[in-house]
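Peer 1: Dropping a prediction and its sequence here:
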Amino acid sequence: MRFETFIQCRLGEPITAVKLFRDELFIGSISGYIGRYSNRTRAVEYFPNCHPELIRDLYVFGNEVFACVGDEFIACHNINDLTSYHVIHYDEFRHKDLLCGNYFSMINYGKEAKGVVALLALFPTTNTERLSKLISA
C-alpha cells in the first residue's frame, strides 16, 4: 500500500462520510452534497442533487449508492445516472422529539435482511434551553 494523492473537496465543506468501492471513493458532506472520486480520472464528480441535511453515512451496493441524510431519510442514487435518486422513509418516522438528537448513523448490507439496512441511533440532548422549554410548556 502506498499514498496516492490528496483529494480536493469543496472549500469549507467538512466531509462527514467516506466509503471506498472498487477504484472509487464516495464522500458525503455536512451540507448534503455527495461526491465520487475516481482513481482513473483523478477527479471528484459531485452529484447534482444537494440534500437538506448532512450525509451521515454512505453504502454502495450494485449500481446504487445509499446515503443516510441527517435524520430525514435514506437517499438511493443511481451511480451511472447521478441525477436520479429516490427517497426511503422509515414508516412514519419524522424528526420531532425535542428530547432526542435522533439520526440515521450507520448503513450497511444485512445478510439476514438480504438488503441494505440502516441503523437509527437516538441520543438524548444536553441542550438545557430546549429541555426547559419542554418542561415549562
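Peer 2: Received the coordinates, thanks.
Peer 1: What spatial separation is found between Ala118 and Leu20?
Peer 2: 19 Å (C-beta to C-beta, to the nearest Å). Quick note: C-beta positions are derived from backbone N, CA and C, even for glycine.
Peer 1: in the sheet, who's paired with the residue nearest in space to the middle of the chain?
Peer 2: The chain has Ile55 as the residue nearest its centroid, 2.9 Å off, counting by C-alpha atoms, centre = their mean. For Ile55, the beta-bridge partners under DSSP bridges are Val69.
Peer 1: doesn't Ile34 make contact with it?
Peer 2: Yes. Under the criterion of C-beta atoms under 8 Å, Ile55 makes contact with Ile34 at 6.1 Å.
Peer 1: For this protein, just list every one of the helices.
Peer 2: Applying DSSP state H to the chain gives helices spanning 128-136.
Peer 1: how about low-confidence regions in this structure?
Peer 2: For the chain, the stretches with pLDDT under 70 are 1-4, 71, 90-105, 120-137.
Peer 1: just the strands in it please.
Peer 2: In the chain, the strands defined using DSSP state E lie at 15-21, 24-29, 34-38, 43-46, 55-61, 64-69, 73-78, 85-88, 103-110, 115-121.
Peer 1: what's the last one packed up against?
Peer 2: Helices and strands in packing contact with strand 115-121 are listed as strand 64-69, strand 103-110; criterion 3 or more C-beta pairs under 8 Å, 6 or more residues apart in numbering; DSSP states H and E.
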